[in-house]
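Enquirer: Give me a 3D structure for the following:
(one chain, ligands or ions: 1)
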Amino acid sequence: MTIAPTATDVAAITPDLAEAAATAEMASSDASEVDLAALTRPDFPLLSQIACLGQPLIYLDYAATSQKPRQVLEALQHYYGHDNANVHRGAHQLSARATEGFEHARDKVATFVGASSAREIVYTRNASEAINLVARTWGETNLRPGDEVLLTVMEHHSNLVPWQLLAARTGCVLRHAGLTDSGELDLEDFRSKLSERTRLVSLVHVSNTLGCLNPIAELAPLVHGAGALLLVDACQSLPHQRVNVAELGCDFLVGSSHKFCGPTGMGFLWAREALLEAMPPFLGGGEMIQDVGLDTSTWADLPHTFEAGTPAIGEAIGMGAAIDYLQAIGMERIHAWEQRLTRQLFARLQAIEGLTILGPTPEQQPDRAALAAFHVEGLHANDLAALLDSAGICIRSGHHCTQPLHRHYGLSGTARASLGFTTTPAEIDRFAEELQSTIGFLREHG
Ligand SMILES: *Cc1c(COP(=O)(O)O)cnc(C)c1O
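Expert: Next up, the predicted model:
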């Protein structure tokens, strides 16, 4: 049962927000002047808490996971409070409503990424599971010893390890495109590693450490020209900019709900329908079957073939509410506002002596992501993060699941501040000031 998404969904969940964003934009000529933090902060009660010593909490770890607006929490509460039942199996009204909400959320994901149908959206637990699904099903069916999978050195562990496991099982060979001096994908190196042996290219849309935006639409014809398929890890682009699979020209795209204001335990794989049709099932169990005998079974229609067992029903509905929320604001507005925050973040960090940021500057790449992974000469990232935490500021330290990338730079880890549309310019200023004094303190006492 699927129901076409309607504009009224978006308006119904966030009537004031959609209107306020539009009004604010009309009042100014520049989308980046629309203060989205002011518009959205009332929806994020978590961000209003006092951390310690009377200091407000400052959350700068959006790249690890986003905070959830009350509309998402209310969608979860409503589902469990009114509609909870198992999906696709009951004749009763609760099951019908649960199924409707669950499948309606799938339509929202399809619209969100520009899929041609909801049959192309497979629910998974997260992006990692979606990549594993492709590796296990498409990979094991199609790859022979000597076939190549082309990745990049900037990949998240989620886009490295599943291919390493696949290489061990099939004898396929992994190759990795390198970086330019500015910390962007080296297109020359990428081209030189792409050949008729390449069967699949899998890379990140936006790097969670470098913050660079990879030119997927430019790469897609090269990849297809070599006879390979293209998988895009969109974990860090989906929360911050418009993502459209047709415009990107990719074959697979994965995302995680918790990165874009939705619940954890929920993600998705988008794949062209013809590819999904040709892929064997992933996990076996209930929901994914049509007819089961003691020795053999037949499979359910797409996308249920790939969804064994009772799914995360409430979480899927919560993810749909997150998509409604983002679309009510508008992805273009989010991107414009965050670009402005990025320029501020960079200006403040670049003014700190001995601090180096990985990846391209906003001048080198204006579309780069609103995050900065950095190291400070002579200091350990963990010490910086721990001291900032005691001032109520949450940043990440470590390798951010990109260990090979850190090794490429000869670093064991970095500190990373990553922003969201709820971030205020005042928070960036306070972070920079606390960071500056933390560095001074560590230099003196370290
Ligand atoms: C977070 C992230 C992942 C993994 O997401 P999970 O939700 O942990 O599966 C993969 N790639 C990138 C770029 C990420 O930021």
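
Enquirer: Ramachandran angles for residue 150?
Expert: Dihedral pair for residue 150: phi -100, psi 120, per degrees, to the nearest 10.

Enquirer: Could you count how many residues lie near it?
Expert: Residue 150 has 25 neighbouring residues, counting by other CB atoms under 10 Å. Where you see a C-beta, it was placed from the backbone N, CA and C, and this is true even at glycine.

Enquirer: Tell me who's in contact with the residue lying closest to it once chain neighbours are set aside.
Expert: With CB to CB, 6 or more residues apart in numbering as the criterion, residue 150 has its nearest non-adjacent residue at 4.5 Å, and that residue is residue 201. Going by CB atoms under 8 Å, 6 or more residues apart in numbering, residue 201 touches 149, 150, 151, 194, 219, 223, 228, 229, 230, 231.

Enquirer: Try it again at 7 Å.
Expert: By CB atoms under 7 Å, 6 or more residues apart in numbering, residue 201 lies in contact with 150, 223, 228, 230.

Enquirer: between those, which is nearest residue 252?
Expert: The closest of these to residue 252 turns out to be residue 230 (CB to CB; 7.3 Å).

Enquirer: For the closest one, what are phi and psi?
Expert: Residue torsions, per degrees, to the nearest 10, at residue 230 are phi -120, psi 120.

Enquirer: List, one by one, the residues from the stretch 1-150 of the chain near the ligand.
Expert: Residues of the stretch 1-150 of the chain that fall close to the ligand, judged by CB under 6 Å from any ligand atom: 63, 126, 127, 128.

Enquirer: For the first one, give its distance to residue 440.
Expert: Yep, that's residue 63 we're talking about. 26 Å (CB to CB, to the nearest Å).

Enquirer: and the two? which has more neighbours close in?
Expert: Between residue 63 and residue 440, counted using other CB under 10 Å, residue 63 has the larger neighbour count: 28 against 11.

Enquirer: what about the more buried one, is that helix, strand or coil?
Expert: Here residue 63 is recorded as coil under DSSP: H, G, I helix; E, B strand; the rest coil.

Enquirer: can you tell me which residues contact it?
Expert: Applying CB under 7 Å, 6+ apart, the residues near residue 63 are 208, 236, 371, 416, 418.

Enquirer: can you map out the strands along the stretch 151-300 of the chain?
Expert: With DSSP state E, counting those that start in this stretch as the criterion, the stretch 151-300 of the chain has strands at 173-177, 198-204, 229-233, 252-256, 267-271, 289-292, 297-299.

Enquirer: if we can go back for a sec, by neighbours, which of the contacts of residue 201 wins?
Expert: When those are compared by neighbour count (other CB under 10 Å), residue 150 ends up highest, at 25 neighbours.

Enquirer: OK, contacts around it?
Expert: By CB under 7 Å, 6+ apart, the neighbours of residue 150 are 175, 177, 193, 194, 198, 201.

Enquirer: How about residue 390?
Expert: residue 52.
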